[in-house]
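>>> Any chance you could fold what I've pasted below:
(4 chains)
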2 protein chains.
Amino acid sequence: MIDSVTFAKAIADDTRQKIMHSLCCEWMCVSDVVDRLNKQMADGITQPTVSHHLSILRDAGLVDTRREGKQIFYTLNQEVVALCCGQIMQLFAPEKV
Amino acid sequence: MIDSVTFAKAIADDTRQKIMHSLCCEWMCVSDVVDRLNKQMADGITQPTVSHHLSILRDAGLVDTRREGKQIFYTLNQEVVALCCGQIMQLFAPEKV
DNA sequence: CTTACATATAGACATTCATCTATGTGTTCG
DNA sequence: CGAACACATAGATGAATGTCTATATGTAAG
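As a prediction, this is how the structure comes out:
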């Protein structure tokens, strides 16, 4: 299981949080993520940058991946996110495990 | 209230997580935090570095502060931590607020 | 008032990181 | 096979960050 520092680092970026939020309820291919980000962010973002962020999230186990033809779809692994949040709350709770 | 990116950045460091864990159940002065960290970390850590981390946590509203004579005591604000964790879980949950 | 102690701040330095452009890899279609 | 498309990777660059040493600030004691 991903440790709490790795999780925190993974979500400690505005762009990655926006990507995660986009992927929280659906599968999206990379170019669609790029388009959505460019609609909500003032400064544009390039496809390689999005790919880089997705690889960080994938390495952390926070997103799942599926290829469909030329496209690759990503979605947020909500179970892992929930587990990590719980892990952090326990880390800083009065009664530690 | 602190935003989710600020919170994530604040906890995205191993030393700060150790400090937060030390402060989760008690008030501690800076030198005691330094001592405790130097017991659990392989590489030593200096007092200015701990002070720096504490200021980051204080600016984020994650710790409370109290002066007692020459010493300054810190403790983790668990309510804020819990709220931030909840905020993140909601951000990435299927049904957004 | 001066000294000692606890903590904070300043400045320097090395490392990490987010981003870009350019290019490579893999897949589909004619 | 070769062109077109979607995505990943490589390398460069500037900004942010964690750490240190040196020093300043604030408080108590003699």
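
>>> Next one: the residue most central in space within chain A relative to A:I11, how far apart?
Centroid-nearest residue in chain A: A:M20, 3.9 Å away (criterion: Cα atoms, centre = their mean). Taking Cβ to Cβ, to the nearest Å as the measure, A:M20 falls 7 Å from A:I11. Any C-beta I mention is one placed from the backbone N, CA and C, and that applies to glycine too.

>>> Overlap in contacts, the two.
Common contact partners of A:M20 and A:I11 (Cβ atoms under 8 Å, 6 or more residues apart in numbering or on different chains): A:L62.

>>> circling back to that earlier point, OK, contacts around the residue nearest to the centre of chain A?
Counting by Cβ under 8 Å, 6+ apart, A:M20 touches A:I11, A:L57, A:L62, A:V63, A:L76, A:V81, B:L91, B:F92.

>>> Narrow the residues you listed to those in strands?
A:V63, A:L76 (DSSP state E).

>>> Kindly report the residues of chain A close to chain B.
With the criterion set to Cβ under 8 Å from any Cβ of the partner chain, chain A comes near chain B through A:4-5, A:8-9, A:11-14, A:17, A:20-21, A:24-25, A:76, A:78, A:81-82, A:85, A:88-89, A:91-94, A:96.

>>> One more pass at 6 Å, please.
Residues of chain A lying near chain B by Cβ under 6 Å from any Cβ of the partner chain: A:5, A:8-9, A:11-12, A:14, A:17, A:20-21, A:24-25, A:76, A:81, A:85, A:88-89, A:91-92, A:94.

>>> related to what we said a few turns ago, dump the contacts of A:M20 into a markdown table; add neighbour count as well.
Below are the contacts of A:M20 laid out as a markdown table (neighbours: other Cβ atoms under 10 Å in any protein chain shown):
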| residue | neighbour count |
| --- | --- |
| A:I11 | 25 |
| A:L57 | 21 |
| A:L62 | 26 |
| A:V63 | 23 |
| A:L76 | 24 |
| A:V81 | 23 |
| B:L91 | 17 |
| B:F92 | 22 |
